[in-house]
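A.B. asks: Quick one: sequence plus predicted model below, questions after.
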Amino acid sequence: MNQDMASRRSSNFNFSPLHFLMLLVLLRPIAWSALVFGGEPGQWARFLRWEGASWAGRLTFQLHTNQSQGLIMYQDDGGFCDFLTLLLSEGRLQLQVGAACAESMVRSDRQVDDGRWHWVQLGRAGRQTMLSLDGETQATLVTGHGRLQITSDLFLGGIPPEVRTSSLTFPPAKYEPPFHGLILNLRCSDEDNLNVERASDKQQGDMHEVLLLSSQGINPDGERVCMERNPCENGGLCSVTDDEAFCDCSGTGFSGRYCDEEPGHLMMGDQGNRLPRSMFSHGRM
């Protein structure tokens, strides 16, 4: 009987991306870094330029959001012709590349606005730019020119207000909704040669963390509270105020402080407890 119970428990347990990330936190705490984007106007994070965007390299990160529209990342050549941007569009990843003033665009096959962890990778190899989602290549863009003249820093989640629209190669990026969610372990490689068809092979090139230069409206520490003791159930979104976790139950079909009550159980007194805007969710493990 004990063996049957153990078998049932084993068969009912799914090793989700969240479990993998939490295991990573326990085993390699130094390598774990994340930024919480609240989706507020004026937010942005400026990172050191991803050199590999010009010719060959990879940019990888884990993403967690329930947002369907917004700016994830942006780089360009200072307002001339070349740019690289990743957006959320109708819940899907949308990669746009400008090369010699000719623009190309692809979208992921699957949506990522499902409140789950997703692993994202961009790969550059000359004329080819690859978008990979959860280890599967979604699309490969082939441009007429290989080298991109990328000179700007790497922006995540938004573009600083002081950056003039006239200095952006792709001005619409500045007017995209700011990203709302979590970006974990932003890493990149800069390589002389990269086989874009094998870009998902994590053994190619040395990956290193991208240096954060400055930010505005970004929470670099709150994710630890939600990661380590997330109280939100049924897919509720966890956010942090004064080191205390709160839950946003919007869209879950549940209510209550921890999204653990069915709608019929909501008491009138609870309706006045407005919670802060959500940062991210891990749901139930």
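C.D. replies: Received it, and whenever you're ready, just let me know what you need.
A.B. asks: Tell me the secondary structure of residue 52, please.
C.D. replies: Here residue 52 takes the helix state, with states given by DSSP: H, G, I helix; E, B strand; the rest coil.
A.B. asks: So which residue is dead centre in this structure?
C.D. replies: What sits nearest the mean C-alpha location of the chain, by C-alpha atoms, centre = their mean, is residue 63, with 2.9 Å.
A.B. asks: Where does pLDDT dip in this structure?
C.D. replies: Within the chain, the ranges that satisfy pLDDT under 70 run 1-33, 192-205, 220-229, 240-244, 264-285.
A.B. asks: about what we covered before: what strand or helix carries the residue nearest to the centre of the chain?
C.D. replies: If you go by DSSP states H and E, residue 63 is part of strand 56-65.
A.B. asks: Which other helices and strands does that strand contact?
C.D. replies: Using 3 or more C-beta pairs under 8 Å, 6 or more residues apart in numbering; DSSP states H and E as the contact test, the elements touching strand 56-65 are strand 117-125, strand 180-190. No exception for glycine: its C-beta is placed from N, CA and C like everyone else's.
A.B. asks: ok, back up a step: so what's the residue nearest to the centre of the chain up against?
C.D. replies: For residue 63, the contact set (C-beta atoms under 8 Å, 6 or more residues apart in numbering) comprises 72, 112, 117, 118, 119, 120, 181, 182, 183, 184.
A.B. asks: Throw the residues you listed into TSV and include distance to residue 147, thanks.
C.D. replies: Listed next are the contacts of residue 63 as TSV, based on distance: C-beta to C-beta, whole Å:
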residue	distance to residue 147
72	23
112	29
117	33
118	29
119	27
120	23
181	32
182	33
183	27
184	30
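A.B. asks: Just the closest of these to residue 87, please.
C.D. replies: Using C-beta to C-beta, residue 72 comes nearest to residue 87 of the contacts of residue 63, at 6.3 Å.
A.B. asks: what's residue 43 in contact with, if anything?
C.D. replies: Applying C-beta under 8 Å, 6+ apart to residue 43 gives the contacts 37, 157, 158, 178, 179, 215, 216, 217, 218.
A.B. asks: How much space separates the second one from residue 36?
C.D. replies: Meaning residue 157. 10 Å (C-beta to C-beta, to the nearest Å).
A.B. asks: Quick check: neighbours shared by these two?
C.D. replies: Common neighbours of residue 157 and residue 36, using C-beta under 8 Å, 6+ apart, are residue 218.
A.B. asks: what is the orientation angle of the strand holding residue 63 with strand 117-125?
C.D. replies: Strand 56-65 and strand 117-125 are oriented at 160 degrees to each other (axes from the mean of the first three to the mean of the last three C-alpha atoms, to 10 degrees).
A.B. asks: From the contact counts, what lies against the next helix or strand after strand 56-65?
C.D. replies: Counting by DSSP H and E, the next helix or strand C-terminal to strand 56-65 is strand 70-76. The contact analysis (3+ C-beta pairs under 8 Å, 6+ apart) places strand 70-76 against strand 83-89, strand 154-156.
A.B. asks: centre of the chain versus strand 70-76, how much separation?
C.D. replies: In terms of C-alpha atoms, centre = their mean, to the nearest Å, the gap separating the centre of strand 70-76 from the centre of its chain is 11 Å.
A.B. asks: got a list of contacts for that strand?
C.D. replies: With contacts defined as C-beta under 8 Å, 6+ apart, strand 70-76 is touched by 39, 49-50, 53, 59, 63, 82-88, 93, 98, 150-159, 168-170, 173, 176-180, 183.
A.B. asks: which secondary structure element contains the closest residue to residue 178 other than its chain neighbours?
C.D. replies: Nearest residue to residue 178, sequence neighbours excluded (C-beta to C-beta, 6 or more residues apart in numbering): residue 158, at 4.2 Å. If you go by DSSP H and E, residue 158 is not part of any helix or strand.
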